[in-house]
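Engineer: Sharing a sequence plus its predicted fold:
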Amino acid sequence: MAARRVARVWGRAAAWALFAGMLVAVACLLLPSWREQGSKAAVARAAVAGTAGASGRDWSAVRREMPDAVAWLAVEGTDIDLPVVTPTEGDPADFFVTHDARRAPSWRGAAFLDVRCEPSGGQLLVFGHHLGAGGGQFSDLRSAFEAEVFSGIGGALWETPDGARRFAPVCALRVPSSYEPLGLDETAGDPVGECLERLLSDARVTSPDAYERCERADAVLVLCTCASVRSGQPWRTLVVFASRAL
């Protein structure tokens, strides 16, 4: 009898230990999501419109939450409606690959502007994650080089403290990670026109009036993300937009 009681006690202890282990495992799985929800809540608070910037957005509120924010990006037909940050002096160029918009370490990273670009300039290259489990900033764009996906992508709104610009989609590409979309290290000629011409020539899919839009363009916006179902693969999706100032 005593042996049976001991066995029951040990059995219950093992069951409780297993239950506790399951709780810990679930918490570990959910912790990134909880942190992400907290980050999204902060972003939502910062997105409240105000009168501080020429675009109508309250940039003082945005930068209280995210001091490295330089723009706000929204793309019709997707869930993209978020701040764009840029590394500050002393940061590595890929700092926001592993940090969120509030500079906290995060495997989800943040949407960030190439350090060679100016937020109000004519060439804008923005990187954002696509994660295998979903939830990356630019996951909606992963397959944009496919015609049926590209056709559902609408215009992009790019807001900075200096004002807002509207961009129209012109093409999408699937390219190696070594592909240089903008030629940002080149200074001769017409940088916007030349890069749009090259992007169009390499495109998998284009809008019906892509060439007309590009002929009249004075700014180009390129959004870059992973092209593969699994993250970390050597292919990228580029979605290209062209604009004239509002």
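Structural biologist: Thanks, I have the structure now.

Engineer: So what's the residue count around Leu196?
Structural biologist: Leu196 has 26 neighbours, counted by other Cβ atoms under 10 Å. All C-beta atoms are positioned from the backbone trio N, CA, C, and that covers glycine.

Engineer: So it: helix, strand or coil?
Structural biologist: Assigned with DSSP: H, G, I helix; E, B strand; the rest coil, Leu196 falls in the helix class.

Engineer: Quick check: closest non-adjacent residue to it.
Structural biologist: Taking Cβ to Cβ, 6 or more residues apart in numbering, and ignoring the residues beside it in sequence, Leu196 has Cys214 as its nearest neighbour in space, at 4.3 Å.

Engineer: List the buried residues for stretch 154-170?
Structural biologist: Ala156, Leu157, Trp158, Glu159, Thr160, Pro161, Ala164, Arg165, Phe167, Ala168, Pro169, Val170 (16 or more other Cβ atoms under 10 Å).

Engineer: which of the residues you listed sit farthest apart?
Structural biologist: Farthest pair in those (Cβ to Cβ) is Pro161 and Val170. Separation: 26.4 Å.

Engineer: beta partners for Trp158?
Structural biologist: Counting by DSSP bridges, Trp158 is bridged to Leu73, Arg165.

Engineer: for Val84, that is, sorry about that
Structural biologist: Ala71.

Engineer: From what I see, it and Val75 are in contact.
Structural biologist: No - using Cβ atoms under 8 Å, Val84 is not in contact with Val75, being 11.7 Å away.

Engineer: okay, these two: which has more neighbours?
Structural biologist: Applying other Cβ under 10 Å to Val84 and Val75 shows that Val84 carries more neighbours, namely 27 against 24.

Engineer: could you list every residue that touches the more buried one?
Structural biologist: The contact partners of Val84, by Cβ atoms under 8 Å, 6 or more residues apart in numbering, come to Ala69, Val70, Ala71, Trp72, Leu73, Ala111, Phe112, Leu113, Pro119, Val126.

Engineer: With Arg102 as the reference, measure out to the residue nearest to Leu196.
Structural biologist: 36 Å (Cβ to Cβ, to the nearest Å).
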